[in-house]
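Asks: Structure, please.
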Amino acid sequence: MRRTSAPGRRPQRVAEQIRQVAAAFLQEDARDPRIGLVTITAVQVTGDLQHADIRYVVHGDDAARQQTQEGLDSAVAAVRRRIGQELRLRVVPGVTFTLDRGAEHATRIEQLLSELRQDEGDGQ
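Replies: Okay, the predicted model is just below:
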């Protein structure tokens, strides 16, 4: 008897597998000099597994981010090919790379909270 998982869990499992494959590819095999130090933070896969949005963070200024995005955009076909080789899927999902600004937002919020605490301490 073959064990199957609930349909809602499969996209999560596939997303995690895609994250691992994409991260390994970028770390080991990406030859584009525009791709700097990139960390894959998450992958969101549509329920029908037709598309994967790979979220990443890159360290550096806006110019480095733009350059990295261009490098990742040019590597989409190679990443998709690697996903197809590594994972056993009927259809290899289309891939896009999206800059994850969550860490930037968290840092900014922490900075604002720190300033508020400091202002409250000065006013007393």
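
Asks: hey, let's count contacts and neighbours off CA atoms from now on
Replies: OK.

Asks: Give me the mean pLDDT for stretch 71-89.
Replies: Averaging pLDDT along stretch 71-89 yields 94.

Asks: Packing partners of the strand or helix carrying residue 44?
Replies: Assessed by DSSP states H and E, residue 44 sits inside strand 38-45. Strand 38-45 is packed against helix 10-28, strand 51-58, with contacts defined by 3 or more CA pairs under 8 Å, 6 or more residues apart in numbering; DSSP states H and E.

Asks: any weak-confidence spans in this structure?
Replies: The model of the chain has pLDDT under 70 over residues 1-7, 122-124.

Asks: Quick test: name the residue nearest the centre of it.
Replies: Central residue of the chain (CA atoms, centre = their mean): residue 55, 2.3 Å from the mean position.

Asks: Hmm, residue 42 and that residue touching each other?
Replies: Yes: counting by CA atoms under 8 Å, residue 55 does reach residue 42; the two are 5.2 Å apart.

Asks: re the thing from before, between the strand holding residue 44 and strand 51-58, how many degrees?
Replies: Note on geometry: by axes from the mean of the first three to the mean of the last three CA atoms, to 10 degrees, strand 38-45 and strand 51-58 are set 160 degrees apart in direction.

Asks: I would like the residues contacting strand 38-45, please.
Replies: The contact list for strand 38-45 (CA atoms under 8 Å, 6 or more residues apart in numbering) reads 11-12, 14-16, 18-19, 22-23, 26, 51-59, 100.
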